Structure formats: C-alpha cells, structure tokens
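Undergrad: sequence and predicted structure below; questions after.
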Amino acid sequence: MPETKVKKTEDFNEWYNEIVELADLCDKRYPIKGMNVWRPYGWKLMTHVDQLIREEMIRTDHQEVNFPLLIPESSFKKEEEHIEGFGSEVYWISHAGLNKLEERWLLRPTSETAMYPIFSIWIRSHADLPLKTFQIVNTFRYETKQTRAFIRVREIHFFEAHTCHVDFNDAEKQIQEDKDIAYRLFEKLSLPYILSKRPEWDKFAGAFYTISIDVLMPSFRTLQLGSIHQYKDNFSKPYEISFEGEDGKHNYCHQTTYGMSERILGALVGIHGDNKGLVMPPEVAPVQVVLIPIIFRGEEKVVLEACDDLNIKLSKEGIKSHIDKRDITPGNKFYDWELKGVPLRVEIGPKDIKNNQVVLVRRDTAEKQSISNDSAVNIIKEELNKLSKNLYETANRLLNENINRVNTIDEAKNLKGIVELPWCGIKDCALEIENILDGNTLGEPIEDNACNNSCPVCGKPGTTWMRYAKSY
RNA sequence: GGGCCCGUAGGGUAGCUUGGUAUCCUUGUAGCUUCGGGAGCUAUAGACUUGAGUUCAAAUCUCAGCGGGCCCA
C-alpha cells in the first residue's frame, strides 16, 4: 500500500503539508505569502462546509448579506479596543489610480466596522430587532508568523454572523443559539470540540466576553475553529446603533458575533486524514460513494450498465454518487479516491454481475465486503452512518485522552494536549503557567468549572479551572 | 521580535564542497495493447527563484529581494 512519505504519527506538520498538496486542496505557489489558491477540490470541500453553515443560519432565521471589502479609516477607528487589537495586522490602501486618497481605506480583517455604520441606519425601532445577519467572505490579516495552509493564512475564507438585540438578555439567548449551532454543525463534521471562555486579556478586541471553539489536532496542539462574542453595547455606542423602544425611549443595541473560518477544513484534513490521504465525513464529501467499473474487453457494456443502475438508485435516495469512467486502471482510481477521502467505494466487475452483487469498501477502516445488489442501497446508507460515527469516536478519543484536570504544574508538565489547572483569577498567575508549560491559556471551561483547589502559583484558593495548551 | 535551513521541468530529485556539456523518477502529449490495488512498449514535450557583484565562464562563490520550511521568544 503506498502511503504518504511522511507518516501522520511521526511528523504531523510535514504530513499535513504533504496531504494538502497531494489531495489538490490548495496551491501554495501563489507569490504572496499566506495567500493560497483554492484548487477545485479544496474549494468544493470548503463550499460544502459553507453550505452546512448556511443551513444552520437559515434554520435560525439569519439573513445572508454581503458587505464591501473596503472600510474607510474613520469607520475603523471608532471603537478604541478594536483598533488596538487589529491595528498591527491590517492592509491599507493609500492610493487609487494616480491619486493619493484623502482618507485611507483598509481591507476588512473582520467586518464589524464595515457593517455597524450601516446597522445604525437600518435599525430605528424595536420592531427592527433582533437583526440577525451573516456573510461568508474573504478577510485579510497581515500575519507575521509562519503561515500554514488553512490554519494560518493572510487571506481568510471567513464566516461571520452579526446580530443586534434589544438588551443584554436577548443577546445572551443568541449566544445560547450559537452554541446549539456549533453542536449541530460539528457533529455533522465528526469534529468533537471544547468551549472555553477566554480570559479578559485574550478576548476579542472590543468584546464583553469571548467563547472560543477549539479542537485538538493530532499534533496535540489545539486549533481554534470559531468564536462567539458577546459585545454588550461596546460597539453600539461608538457606532450609534440605537432604537426607539415601545416606551418611546432610545436605547443602544446589544450585539453578538459568531466567527468561523477555513480552519474547519484544516481540522477535517488534520483530524480525520491518514497516511493514504483525506477521509471526509459523508456530510462534507462532494462524492459520497464512488463507483469503479472493472472493465474487461468485450464486457464494457454490461459493467457500465450495472454502474448506471446503482448510480440512479443511489441518486434517488439522495446519496451523492459518481461513476469513474476515466480510462485509467482501477488500481489507479482506488488510490485517487482514497486520497480525496471519498467515504465509500463500490467496485463492479463481471464477476459481481454474475453473482448479482457488488464489492463495497470503507475508506476509514479499509474493510471490504461483497453485498447483494438488492440490499446495496440500504447497506450503503448504513455504512455511511457508521463511518461518520467512527470518525467522531476516533477523534473524541484523541480529545478525551488528552484533556486532563490536575492540581500541580509538575503533573501538567508531563501531559500532552490540554491541561486544566486551578486558577485564582489573577492574570500574572496564568501567564506564569503559560510560561512554564510553554503553552497558551484557552480559557475557562464553559460548564463544570467550579474549583476549590489552590492556585499552583500563588497558593490562593482557585475560583475556576483554567485550560492551557499549545495551540496553532 | 531573534536565529537556522532551503529554492533546479507540473511534482520529487542528482549536480554545488573543488565554477565549464544539468541526472534520474514521476507527470503531460500522440499511438497501440491493457484493466479485481499505482499496466507495458514506442515517440515527444518540459527546469537552474529574481536582481546585482566576482569571473574568460555562475545552478555552483558573495550580497540583496521575493517565496518556502524549522527552532526559540
């Protein structure tokens, strides 16, 4: 069995780079650092993920919008913390044609400052609320650190939901809905994750609080896939997003945002992939079942007809199937589709036709079975579900085995992945631990975070648990 | 922010120390035979990251840019 040159378990980072190239996801040869070309297959996977997000947005009554890429400097500068947080990583446009611009424009690093001046116009009365919008666009951040396909890039394929509410409580309900969206979405992607409330010094620039969605990669580093922010009225005041209530009084909106990015694809590649290539959960796979005709001279027609039959049956059941009719040998096709991560492969040859059966192969386990033609569709459906569950369980094992709650720094030092230590609430204690463990704070667990044990740095009673990990 | 390494056809490489004709595999194209795990034969196409310097002569030596990878903070 040919496999990647670099094994996933031996050198995850190298393996990841190799897979991204081999599977035709992106082309890193574009001559600007961190700006990669989406190749057809990579883009197809990304748009499938986007579509799952869209479905969640539609289900929860969000409206899709599309704001301009360019933001005037004056709009950007209205919220002070926000500028501080993003100022050092924005791209500026200072010239247009032959003219120097009177006011500079910037490429959105995120769209608060593009949207909120307009929200201020849109929202007049309580009847306009809640306003629930989202867009899927590219954003730009001038990363100075090492870039990595899908994981750290300078042009980011980005999902952002922005909502406005009558008060804090209604915004809090939105946060709950956001958590529910995460639950449903990541289950479809077979990606187990954890939610952490970011510490004060690490929250989104301008937010009241930030909840991060992190997954654990097989390199034992965490990857932040998304964030949910409660803004309170931090942005609505400078951007003057206010409404007239039933009582005739004017109030500022309370806002939330929800952001996710192409990192989801990075996680799908990194977490589910193996030394033969990608393994895509059926919900994302553009092709869920690939049919490989095994052609012998003189028997082309029967074999292709049998493929067509099954293909039609599968389509009727809403299963995305594809017949690979390319003029290359079957073995070649096997490797190709394995690399692309297609969940199930069906082989149909003259022998099978005689026996009224087909050969079914699972991508995740490589299990091969002959199944009767009549029950093929049902078995395929079942196997797709099993595969999806198996991916989730494997990933969940990785996460659960590598998230540990301990009381001392010495214990934490010996652990890979994510550790939870008691925290007294003092910033310097957390930073000290970051230093010693050579990791970052992820934040406090959202649930079950009560802690009475003493802080391993200062010895004062802990108030919560704090998570630390090496992260991307 | 600091340091180290690298850049040769579409992909992977040899050559660089000691300057002189660029190696092999894969891929692409055309044709015939093939097809249950990367088929065979024949023909053919394709490269020294950019700029400056040293030199009779630079893929090779020096410097800078751009790009990539790694380590430390």
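TA: Perfect, thanks for sending it.

Undergrad: is RNA strand B contacted by the strand or helix carrying A:Glu382?
TA: Per DSSP states H and E: A:Glu382 is located in helix A:376-401. No - interface with RNA strand B: helix A:376-401 contributes nothing (Cβ under 7 Å from any atom of the strand), its closest point being 12.8 Å away. In this view, the C-beta of every residue, glycine as well, is placed from N, C-alpha and C.

Undergrad: quick one: the helix or strand following that helix to chain centroid distance?
TA: Sequence order places strand A:403-405 as the next helix or strand after helix A:376-401, per DSSP H and E. Remark: strand A:403-405 is offset 23 Å from the chain centroid, using Cα atoms, centre = their mean, to the nearest Å.

Undergrad: and the helix or strand following strand A:403-405, which residues are buried?
TA: Counting by DSSP H and E, the element after strand A:403-405 in chain order, helix or strand, is helix A:409-413. Within helix A:409-413, the residues that count as buried by 16 or more other Cβ atoms under 10 Å are A:Ile409, A:Ala412.

Undergrad: also stretch A:454-472?
TA: In stretch A:454-472, counting by 16+ other Cβ under 10 Å, buried: A:455-457, A:462-472.

Undergrad: also stretch A:224-244?
TA: Within stretch A:224-244, the residues that count as buried by 16+ other Cβ under 10 Å are A:224-236, A:238-239, A:241-243.

Undergrad: just the endpoints, please. Distance across it?
TA: 38 Å (Cα to Cα, to the nearest Å).

Undergrad: same thing with stretch A:136-154?
TA: Termini of stretch A:136-154 sit 16 Å apart (Cα to Cα).

Undergrad: ok, back up a step: so which of the buried residues of stretch A:224-244 are in strands?
TA: A:Gln224, A:Leu225, A:Gly226, A:Ser227, A:Ile228, A:His229, A:Gln230, A:Tyr231, A:Lys232, A:Ser242, A:Phe243 (DSSP state E).

Undergrad: could you tell me which residues of the stretch 251-400 of chain A lie near RNA strand B?
TA: Proximity of the stretch 251-400 of chain A to RNA strand B is confined to A:276, A:294-297, A:327-332, A:334-336, A:338-339, A:347-352, A:359, A:361, A:366 under the rule Cβ under 7 Å from any atom of the strand.

Undergrad: ignore what I typed, I meant the stretch 1-150 of chain A.
TA: A:1-2, A:13-14, A:17, A:21, A:28-29, A:31-34, A:144-149.

Undergrad: what's the helix holding A:Glu382 packed up against?
TA: strand A:209-216, helix A:300-316, strand A:344-348, strand A:357-362 (3 or more Cβ pairs under 8 Å, 6 or more residues apart in numbering; DSSP states H and E).

Undergrad: so what's the residue in the stretch 301-450 of chain A that RNA strand B sits nearest to up against?
TA: Among the residues of the stretch 301-450 of chain A, A:Gly349 lies nearest to RNA strand B; the distance is 2.3 Å by Cβ to the nearest atom of the strand. For A:Gly349, the contacting residues are A:Pro293, A:Ile294, A:Ile295, A:Phe296, A:Val303, A:Val359, by Cβ atoms under 8 Å, 6 or more residues apart in numbering.

Undergrad: which residues does the closest residue to the fifth one other than its chain neighbours contact?
TA: This points to A:Val303. Distances taken as Cβ to Cβ, 6 or more residues apart in numbering place A:Pro293 nearest to A:Val303, at 4.7 Å, with adjacent residues excluded. Going by Cβ under 8 Å, 6+ apart, A:Pro293 touches A:Glu300, A:Val303, A:Leu304, A:Ala306, A:Cys307, A:Ile323, A:Asp324, A:Lys325, A:Ile348, A:Gly349.

Undergrad: now do A:Ile118
TA: Counting by Cβ under 8 Å, 6+ apart, A:Ile118 touches A:Phe67.

Undergrad: list the buried residues of the strand or helix carrying it.
TA: Take DSSP H and E as the rule and A:Ile118 turns out to sit in helix A:112-122. Judged by neighbour count (16+ other Cβ under 10 Å), helix A:112-122 contains these buried residues: A:Glu112, A:Thr113, A:Ala114, A:Met115, A:Tyr116, A:Pro117, A:Phe119, A:Ser120.

Undergrad: now pLDDT too, for these, in CSV please.
TA: Output for these, formatted as CSV (pLDDT from 0 to 100):
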residue, pLDDT
A:Glu112, 97
A:Thr113, 96
A:Ala114, 97
A:Met115, 98
A:Tyr116, 98
A:Pro117, 97
A:Phe119, 98
A:Ser120, 97
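
Undergrad: looking at those residues, spot the one nearest A:His272.
TA: Nearest to A:His272 out of the buried residues of helix A:112-122 is A:Glu112 (Cβ to Cβ; 33.0 Å).

Undergrad: can you select the buried ones from the residues of the stretch 1-150 of chain A next to RNA strand B in ChimeraX?
TA: To isolate the buried ones among these in ChimeraX, judged by 16+ other Cβ under 10 Å, type:
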select /A:28,34,148,149
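
Undergrad: in strands, which of the residues of the stretch 1-150 of chain A next to RNA strand B fall?
TA: Taking DSSP E, every one of these sits outside strands.

Undergrad: out of the residues of the stretch 1-150 of chain A next to RNA strand B, list just those in helices.
TA: Residues from those lying in helices, with DSSP state H as the criterion: A:Asn13, A:Glu14, A:Asn17, A:Glu21.

Undergrad: tabulate those (a markdown table), appending pLDDT and distance to A:Cys451.
TA: Listed next are these as a markdown table, based on pLDDT from 0 to 100; distance: Cβ to Cβ, whole Å:
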| residue | pLDDT | distance to A:Cys451 |
| --- | --- | --- |
| A:Asn13 | 84 | 34 |
| A:Glu14 | 82 | 39 |
| A:Asn17 | 86 | 39 |
| A:Glu21 | 86 | 45 |
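
Undergrad: which of those residues sits closest to RNA strand B?
TA: Distances from RNA strand B to these, taken by Cβ to the nearest atom of the strand, are shortest for A:Asn13, at 3.9 Å.

Undergrad: start and end of stretch A:79-99, how far apart?
TA: Stretch A:79-99 has an end-to-end distance of 29 Å (Cα to Cα).

Undergrad: so for it, mean pLDDT?
TA: Mean pLDDT, stretch A:79-99: 87.

Undergrad: got the contact list for that stretch?
TA: Residues outside stretch A:79-99 that contact it (Cβ under 8 Å, 6+ apart): A:70, A:76-77, A:100-101, A:104-107, A:109-110, A:112-113, A:140-144, A:204-206, A:234-235, A:238-239.

Undergrad: from those residues, list the buried ones, please.
TA: Among the contacts of stretch A:79-99, the ones that count as buried by 16+ other Cβ under 10 Å are A:76, A:104-107, A:109-110, A:112-113, A:140-141, A:204-206, A:234-235, A:238-239.

Undergrad: closest to the centroid, which residue in chain A?
TA: A:Ile264 (2.2 Å; Cα atoms, centre = their mean).
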